[in-house]
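> turn this into a structure:
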Amino acid sequence: MGTVKMIAADGVEDEEKWLAAGIAGLKQNSFYMHRALDSNNLKDALKYSAQMLSELRTSRLSPHKYYELYMRAFDELRKLEMFFKEEGRRGCSIIDLYELVQHAGNILPRLYLLCTVGSVYIKSKEAPSKDVLKDLVEMCRGIQHPVRGLFLRSYLAQVSRDKLPDIGSEYEGDADTVVDAVEFVLQNFTEMNKLWVRMQHQGPTREKEKREKERSELRDLVGKNLHVLSQIEGIDLDMYKDSVLSRVLEQVVNCKDELAQYYLMDCIIQVFPDEYHLQTLDVLLGAFPQLQPTVDIKTVLSRLMERLSNYAASSADVLPEFLQVEAFSKLNNAIGKVIEAQPDMPILGVITLYSSLLTFTLHVHPDRLDYADQVLGACVRKLSGEGELEDNKATKQIVKLLSAPLEKYNDIIMALKLSNYPRVMEYLDSQTNKVMATVIIQSIMKNKTHISTADRVEALFELIKGLIKDLDGAHDDEVDEDDFKEEQNSVACLIQMLYNDDPEEMFKIICMVRKHILAGGPKRLPFTVPPLVYSSLKLVRQLQGHEENPFGEEESTTPKKIFQLLNQIVETLYNIPAPELALQLYLQCAEAANDCDLEPVAYQFFTQAYILYEEEISDSRAQVTAIHLIIGTLQRMHVFGVENRDTLTHKATGYSAKLLKKPDQCRAVYACSHLFWVDDQDNVKDGERVLLCLKRALRIANAAQQMSNAARGSAGSVTLFVEILNKYLYFYEKGNPQITVAAIQSLIELITTEMQSDSSTPDPAADDFFASTLRYIEFQKQKGGAIGEKYEPIKV
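Residues are numbered from 1 along each chain as shown. As a prediction, the model looks like this:
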């Protein structure tokens, strides 16, 4: 390995020496050439210029180094050309000069000098441009060494590009002048391509990669001819169609060289107008299946479709042309033939081609969904023979393919109409399926898409099933917890967006969503059940007051029917288990049943919530949260009769008194006082039971103080007493006859005594709370009127 590196290093070193020697020889001869030019010595000028150009006869330089030498020679030739022009002005015959340079000893310098004088000859107009150009292009055949020949012909192309007998050019000749210009460029292109391809087959096999790199560096010399061709004004569509394209493609196909075919096909697509491509699609596409199997056709074809797509997007006026030439049909057939001609084409190539065709279709025929579906169908057929897709790049290309309709239409509903869309998604691995599902949901969110029928919901959930349930082969343990939450939250947002004003259809949507989310497994239900419950409750509110269908149809959607479904949905959270969430949802349902005046239903939901509290919720913090939710919901219920309300209230107060920590007990018990006094319900104003609750809360607060004293040797904070005082003031203000001034006064004195006690623990927050409460009493006194009178007896 070390020996190879040394040989390579030596080779580079030698090449530098040869280049340096070539430059030195060139400089020396150019110096003498300039001296001859300055003294108007034509004979010596030609002699030294020929010797200078002889340096380009070397075979020892790589194309990269040869280019360096060539550019120095090129600069000198421009100066020589200026001299020849001056000679012409001074009366020297350019024809004689043209004959004279042909006596140079070596063929390469002779041809460079001929091209230089030929340029001046054409400019002098002493002979038709076409004749001189034909003569030069023929004589250049004398150089068959690939690198020397390519640079010579490149020089010819360079000096002649502004002297072609084109229409409107000063060198325009007779009627067929453009044909001559085209013929010259095509002939030069053909010969250059032959030389370029020949480079690949010279030298040992082991240097194949090196030769490919060198050829790649020279490709622009060949491609420049096609650029010159595209700039000829006289080439109209008919000429391009009848002569130019067929000749160029013939050369491309016949050279049977992978690098040349790829580069030149790409050149054709890039340099000629889009309109010409559209009108000659048959001919252009016909060449693709004839290319070598190793040519990267997918990239070239994709670029063609991209250019045509942009052309279609540039103006609505050009769209009829696409229809006229049946562009979609031709591209679709061509892709099929290319895939058939290259059975070993990787699946990535196939998907890339169909992805480009779909983008083209969406731009040119946005109204033809059948075309888009046809492309997806072809993709499915190809994927079906591949088995499991393991190519990561191919997977990304499928995501690009599937994202195209979403980006074009900004509407998932259009994508749902494509029958092959979900079938393509089947070939994504579970991770990529999730990515695509997320893209779909984001599209819906961004565009606020209205999905309003059960059938569309079914189709949508089939598309995003990667997020809704575990796909075959997916492993839960591999999923990042934060990613999982983000995915499920996006599904939850989606569920909230599914809506229809028609209750019957909305109920079908709810049932459809339920079917899908219940298949998602216990881990997803805490995310997906709540939005479904709230969507169902929204429907209940919509139907509020329409308990029975006036036509008596059993199938019609009623609140009762929805509540039955809700009961089943919330029950699913039992098995997870997620009792706190289930309890919260049961209470929400109970409140909705209350608003619909469905007492048995509301009672049933409360019963379920109580059972959950008793049997499933054991954590003390969760119990505190749950009991306050129960009390808050029960306080707002107006539907219950005396018996049912008493039963539920009794249970709630019982739960409150059994909480683990005394402060929690105290707060829950005084919260229960609101269950016996509801402002807007005259039948729920039981002052005695309110007072009983508050007294019980006081006893518990007192017990908490004693426990703190026994455990720590100091009394706890008076916060609980101040909180109870506030409840006393609330019910006193509301007109509860059982709450007397004496009771409030004694509670104020109790708090003051406790705060002044030596054993009390300093608590600035409690002090501020108490001071604020006393300020409130003073404020109410100062109000005057009935309120002022009510508060006047209280001494603070």
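
> compute the distance between Gln251 and Leu383, please.
36 Å (CB to CB, to the nearest Å). (Glycine included, C-beta is placed from N, CA and C.)

> quick one, which of these two is more surrounded?
Leu383 (21 against 18; other CB atoms under 10 Å).

> was I right to think that one contacts Tyr354?
No - Leu383 is not in contact with Tyr354 according to CB atoms under 8 Å; the separation is 9.7 Å.

> average model confidence for stretch 85-104?
In this model, stretch 85-104 has a mean pLDDT of 83.

> that stretch: which residues count as buried?
Residues of stretch 85-104 classed as buried by neighbour count (16 or more other CB atoms under 10 Å): 87-88, 94, 97-98, 100-101, 104.

> in helices, which of these appear?
The helices, defined by DSSP state H, take in 87-88, 94, 97-98, 100 from the buried residues of stretch 85-104.

> so which of the residues you listed is the closest to Ile744?
Gly88 (122.6 Å; CB to CB).

> quick one: contacts for that closest one?
By CB atoms under 8 Å, 6 or more residues apart in numbering, the residues touching Gly88 are 94, 97, 120, 124.

> distance to Leu164 added to those, as TSV?
Putting these into TSV (distance: CB to CB, whole Å) gives the following:
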residue	distance to Leu164
Ile94	19
Leu97	22
Val120	16
Ser124	16
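
> tell me the two of these that are most distant?
Among the contacts of Gly88, Leu97 and Ser124 lie farthest apart (CB to CB), at 9.8 Å.

> quick one: contacts for Leu53?
73, 77, 108-109, 112-113.

> neighbour-wise, which of those residues leads?
Tyr112 (30 neighbours).

> of the contacts of Gly88, closest to Glu340?
Among those, and counting by CB to CB, the member closest to Glu340 is Val120, at 54.4 Å.

> and for the residue lying closest to Val300 once chain neighbours are set aside, the neighbour number?
Nearest residue to Val300, sequence neighbours excluded (CB to CB, 6 or more residues apart in numbering): Met265, at 4.7 Å. When neighbours are defined as other CB under 10 Å, Met265 has 26 of them.

> tally of neighbours for Thr280?
Thr280: 21 neighbours (other CB under 10 Å).

> can you pull the contacts of it?
Thr280 makes contacts with 240-241, 245, as judged by CB under 8 Å, 6+ apart.

> in JSON lines: these, plus pLDDT, secondary structure and distance to Leu195.
Below are these laid out as JSON lines (pLDDT from 0 to 100; DSSP: H, G, I helix; E, B strand; the rest coil; distance: CB to CB, whole Å):
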{"residue": "Tyr240", "pLDDT": "93", "secondary structure": "helix", "distance to Leu195": "25"}
{"residue": "Lys241", "pLDDT": "92", "secondary structure": "helix", "distance to Leu195": "28"}
{"residue": "Leu245", "pLDDT": "94", "secondary structure": "helix", "distance to Leu195": "22"}
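
> among those, name the buried ones.
Among the contacts of Thr280, those classed as buried by 16+ other CB under 10 Å are 240, 245.

> a markdown table for the contacts of Thr280, including distance to Asp274?
Formatted as a markdown table, the contacts of Thr280 follow (distance: CB to CB, whole Å):
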| residue | distance to Asp274 |
| --- | --- |
| Tyr240 | 12 |
| Lys241 | 14 |
| Leu245 | 14 |
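
> what is the nearest of the contacts of Thr280 to Phe83?
Among the contacts of Thr280, and counting by CB to CB, the member closest to Phe83 is Tyr240, at 39.4 Å.

> retrieve the pLDDT associated with the residue minimising distance to the centre of the chain.
Centroid-nearest residue in the chain: Val439, 7.0 Å away (criterion: CA atoms, centre = their mean). For Val439, the model assigns a pLDDT of 90.

> and Ile510, by the same measure?
At Ile510, pLDDT is 94.

> spatially nearest residue to it, not counting backbone neighbours?
Ile510 sits nearest to Ser536 (CB to CB, 6+ apart), 5.4 Å away.

> quick check: that neighbour vs Leu525, distance?
15 Å.

> now swap in Cys115 and tell me
Cys115 is 82 Å from Leu525, by CB to CB.

> over to Ala415?
In terms of CB to CB, Ala415 sits 28 Å off from Leu525.

> run a quick check on Glu386 versus Met345, I expect a contact.
No - taking contacts as CB under 8 Å, Glu386 lies outside contact range of Met345: 11.6 Å.

> which residues touch the residue nearest to the centre of the chain?
Taking CB under 8 Å, 6+ apart as the test, what Val439 contacts is 399, 402-403, 406.

> the host helix or strand of it: which residues count as buried?
In this structure, Val439 is located in helix 430-447 according to DSSP states H and E. Of all the residues in helix 430-447, those buried under the rule 16+ other CB under 10 Å are 432-438, 440-441, 443-444.

> same deal with stretch 258-277?
Buried residues in stretch 258-277 (16+ other CB under 10 Å): 258-269, 271-272, 274, 276-277.

> neighbour-wise, which of Glu386 and Met345 wins?
Between Glu386 and Met345, Met345 has the larger neighbour count (other CB under 10 Å), namely 19 against 14.

> around Glu486, count how many other residues there are.
Glu486 has 11 neighbours, counted by other CB under 10 Å.

> and it, how close does it get to Lys651?
Taking CB to CB as the measure, Glu486 and Lys651 are separated by 40 Å.

> same check on Cys666?
19 Å.

> try Ser618
Relative to Lys651, and taking CB to CB, Ser618 is found at 17 Å.

> higher neighbour count, the two?
Lys651 (17 against 9).

> wait, what's in contact with the residue nearest to that one when sequence neighbours are not counted?
Among residues not flanking Lys651 along the chain, Tyr610 sits closest, at 5.8 Å (CB to CB, 6+ apart). Listed by CB under 8 Å, 6+ apart, the contact partners of Tyr610 are 630, 648, 651.

> any chance of those residues in CSV, plus secondary structure?
Converted to CSV, those look like this (DSSP: H, G, I helix; E, B strand; the rest coil):
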residue, secondary structure
Ile630, helix
Leu648, helix
Lys651, helix
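
> out of these, the closest to Asn594 would be?
Leu648 (11.8 Å).

> I figured that closest one hits Phe640, correct?
Yes - Leu648 lies in contact with Phe640 (CB under 8 Å); the separation is 6.9 Å.

> higher neighbour count, those two?
Neighbour totals were compared for Leu648 and Phe640, and Leu648 leads with 23 against 19 (other CB under 10 Å).

> mind listing what that one touches?
Contacts of Leu648 (CB under 8 Å, 6+ apart): 603, 606, 610, 634, 640.

> same question, Glu792
Contacts of Glu792 (CB under 8 Å, 6+ apart): Lys781.

> now do it against Gln782, distance only.
10 Å.

> next one: Ala592
For Ala592, the distance to Gln782 - CB to CB - is 44 Å.

> the host helix or strand of Leu692: which residues count as buried?
Per DSSP H and E, Leu692 falls inside helix 687-712. By 16+ other CB under 10 Å, the buried positions in helix 687-712 come out as 687, 689-694, 696-698, 700-702, 704-705, 708-709.

> and what of stretch 529-541?
Those would be 529-533, 535-537, 539-540, for stretch 529-541 by 16+ other CB under 10 Å.

> switch those residues over to a markdown table; also include distance to Ala24.
Shown next, in a markdown table, are the buried residues of stretch 529-541 (distance: CB to CB, whole Å):
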| residue | distance to Ala24 |
| --- | --- |
| Val529 | 86 |
| Pro530 | 85 |
| Pro531 | 82 |
| Leu532 | 86 |
| Val533 | 89 |
| Ser535 | 86 |
| Ser536 | 91 |
| Leu537 | 92 |
| Leu539 | 92 |
| Val540 | 96 |
